[in-house]
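Novice: Pasting the sequence and the predicted coordinates here, then a few questions.
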Protein chains: 2
Amino acid sequence: MGTHPHRRRFYLVCYDIADDDRREEVSDLLSGYGPRVQYSVFEAAVTGPEAYEELTRGLRGLIEQDEDQVRIYPLRVPDLDKVTVLGNRRLEERDDFWIL
Amino acid sequence: MGTHPHRRRFYLVCYDIADDDRREEVSDLLSGYGPRVQYSVFEAAVTGPEAYEELTRGLRGLIEQDEDQVRIYPLRVPDLDKVTVLGNRRLEERDDFWIL
């Protein structure tokens, strides 16, 4: 997807964290990157490869390697409005966070 | 992304389900579509628009509209190997399920 330094990229970050405190630290970190769309799922916007490295470094520093898992899926901008949402339960949505 | 009837498409399905029994029914349904990569996250493969309708209809039939939420994100095949996974906690992975 190229590495244009100033292009904003979107990711879906989901996590299974065994410990409550660690889980809270992870969600605190991710809340600076985008909306918490579900209990353990954030949409994150990152501008440039260094910022992506910073995100993953930050997450690595918080998790317990053998007890936790974080998955970071690239999301393409054209697909952001092809997300199907079923049910009204709501934490945060994209428009609480970004103007696209 | 076009609607070629026989093309296999991939999705990331994540859910917040309030009730334990309903949550189990949702995971049972999704286990027929692909690996459970995290506690409330599946990767799902669907071939054709009717199968996608069947998946969403099945999920709608299981959830409680005002208490639950399911999000279905399109995943592009080229992006499947750009997923970053941090940590060794492991439920199921793609290669337990599909040969790509």
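Specialist: Done, it's in.

Novice: Could I get the full set of strands for chain A?
Specialist: With DSSP state E as the criterion, chain A has strands at A:8-16, A:36-38, A:41-47, A:69-75, A:84-86.

Novice: I'd like these laid out as a markdown table, including distance to B:Glu67, mean pLDDT and mean neighbour count.
Specialist: Heads up, the C-betas are built off the backbone N, CA and C, glycines and all. Listed next are these as a markdown table, based on distance: least, C-beta to C-beta, whole Å; pLDDT from 0 to 100; neighbours: other C-beta atoms under 10 Å in any protein chain shown:
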| stretch | distance to B:Glu67 | mean pLDDT | mean neighbour count |
| --- | --- | --- | --- |
| strand A:8-16 | 20 | 96 | 22 |
| strand A:36-38 | 13 | 96 | 22 |
| strand A:41-47 | 17 | 96 | 21 |
| strand A:69-75 | 25 | 97 | 22 |
| strand A:84-86 | 12 | 97 | 16 |
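
Novice: Compute the first-to-last residue distance for stretch A:86-95.
Specialist: End-to-end distance for stretch A:86-95, by C-alpha to C-alpha, to the nearest Å: 17 Å.

Novice: cool, stretch A:37-52 as well?
Specialist: End-to-end distance (C-alpha to C-alpha), stretch A:37-52: 20 Å.

Novice: Please see if that stretch touches chain B.
Specialist: Yes - using C-beta under 8 Å from any C-beta of the partner chain, stretch A:37-52 reaches chain B at A:Val37, A:Gln38, A:Tyr39, A:Ser40, A:Val41.
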